[in-house]
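K.L.:
my questions concern the predicted model and sequence given below.
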Amino acid sequence: MSLNILIAEDEEITLKHLKYALEKEGYAVTGVKNGMDAFSKLEKEEFDILIADIKMPGMDGITLLGKVKESYPGTDVIIITGFGSIESAVAA
């Protein structure tokens, strides 16, 4: 059985490349452009893994991480960012 992966990334090119690479490996991948859309998708469909950018419009990745862990504890979360700092890593 293939893992069902949700990617929340506001940068179109990054979303496109992540989606392509994971689909090429045989994973089922859905992409959305912000945290609010990601949480809405999680309410409607079960995902094994969420890959979320830290900085997104609306709901950021750290807020999304907290909501997902509270509402969907079986979903693993991977946080990615192009704007890393020690503070954001500790918060995640």
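P.N.:
Right, received. Where do you want to start? Predicted model, so just to flag it, every value in this text is computed and none were measured. Residues are numbered from 1 along each chain as shown.
K.L.:
okay, now the unreliable bits of this protein?
P.N.:
In the predicted model of the chain, residues 1, 83-92 satisfy pLDDT under 70.
K.L.:
look up how far residue 23 lies from residue 71.
P.N.:
When distances are taken as CB to CB, to the nearest Å, residue 71 and residue 23 turn out to be 26 Å apart. The way it works is simple: take the backbone N, C-alpha and C, and place the C-beta from them, glycine included.
K.L.:
now do the contacts for the closest residue to residue 80 other than its chain neighbours.
P.N.:
Using CB to CB, 6 or more residues apart in numbering and skipping the chain neighbours, the partner closest in space to residue 80 is residue 53 (5.6 Å). Remark: with contacts taken as CB atoms under 8 Å, 6 or more residues apart in numbering, residue 53 is in contact with 8, 9, 10, 11, 14, 61, 79, 80, 81, 82.
K.L.:
can you tell me which of these end up in strands?
P.N.:
Judged by DSSP state E, the subset of the contacts of residue 53 located in strands is 8, 79, 80.
K.L.:
and residue 29, what helix or strand is that in?
P.N.:
Taking DSSP states H and E as the definition, one finds residue 29 inside strand 28-32.
K.L.:
could you pull out the buried residues of that strand?
P.N.:
If you call a residue buried by 16 or more other CB atoms under 10 Å, then strand 28-32 has these buried ones: 29, 31, 32.
K.L.:
same question for stretch 15-29.
P.N.:
For stretch 15-29, the neighbour count (16+ other CB under 10 Å) marks 15, 18, 19, 22, 29 as buried.
K.L.:
of all these, which two lie farthest apart?
P.N.:
Between any two of those, the greatest separation by CB to CB is 10.9 Å, found for 15 and 22.
K.L.:
overlap in contacts of those two?
P.N.:
residue 7.
K.L.:
chain center to the helix or strand just after the strand holding residue 29, what's the gap?
P.N.:
Going down the chain from strand 28-32, the next helix or strand is helix 35-44, by DSSP H and E. With CA atoms, centre = their mean, to the nearest Å as the basis, helix 35-44 stands 10 Å off its chain's centre.
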